[in-house]
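J.: Here is my input, please return the structure:
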Amino acid sequence: MFNFLDFDCLSDGEIELVCKEKIPENKDKKYVPTYAFLIRRTNDKVEVGDINIRIGYNENIYYGGNIGYGICEVYRGNNYASKACNIVKQVALAHDMSKLLITVTPENTPSRRTCEKIGAKLLEIVDLPIHNQMYLEGERRKCIYEWELA
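T.: Numbers count the residues shown, from 1 in each chain. Have a look, this model is predicted:
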């Protein structure tokens, strides 16, 4: 049985991750437990985006990644995604994870740069299996990055 830990607010001094939801695993859909965070600036509490971390590994994680993030368009270009990844890494480490997978569409150059900034390595660019939910929603390919944490 999975136990969520207390990560109500994590910060690097510039941005903070505020836990908005802890989503239990869904065995039927093969979804692993997930922490969902708001990303906001520490000084003025303005929300700039969000980040999720999925705890565990399975086929869905290989194609969908352990981390998903989004930065509001007006706040892009401030390295908030890479900073949030570096903060959320402590959640993975607390759950004894030594690596995280991050997947992006091949044309998403800003997210690919984020992966490179945090030191994630491109493993491969793959075609999504036709049974995968992202395939069913219209996506076809993913870049699979692996981020070694230790």
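
J.: Give me the neighbour count for the residue lying closest to residue 65 once chain neighbours are set aside.
T.: In space, and not counting its chain neighbours, residue 65 is closest to residue 103: 4.0 Å by C-beta to C-beta, 6 or more residues apart in numbering. The C-beta positions use only the backbone N, C-alpha and C, and glycine is treated the same way. Neighbourhood size, residue 103 [other C-beta atoms under 10 Å]: 26.

J.: List of residues touching the helix or strand hosting residue 103?
T.: Using DSSP states H and E, residue 103 sits within strand 99-104. With contact meaning C-beta atoms under 8 Å, 6 or more residues apart in numbering, strand 99-104 is reached by 53, 57, 61-67, 85, 89, 92, 111-112, 115, 120, 142-149.

J.: pLDDT score for residue 1?
T.: Per-residue pLDDT puts residue 1 at 82.

J.: which residue sits closest to the spatially most central residue of the chain, ignoring its sequence neighbours?
T.: Centroid-nearest residue in the chain, with C-alpha atoms, centre = their mean: residue 67, separated by 1.5 Å. Using C-beta to C-beta, 6+ apart and skipping the chain neighbours, the partner closest in space to residue 67 is residue 102 (5.0 Å).

J.: What is the burial count for the one you found?
T.: 23.

J.: do you know how far it is from residue 58?
T.: As defined by C-beta to C-beta, to the nearest Å, residue 102 lies at a distance of 16 Å from residue 58.

J.: Check which helices and strands the longest helix seen in the chain sits against.
T.: Using DSSP state H, we find that the single longest helix of the chain is helix 80-94. Applying 3 or more C-beta pairs under 8 Å, 6 or more residues apart in numbering; DSSP states H and E, one finds that helix 80-94 contacts strand 9-11, strand 15-23, strand 34-41, strand 47-54, strand 67-71, strand 99-104, helix 109-117.
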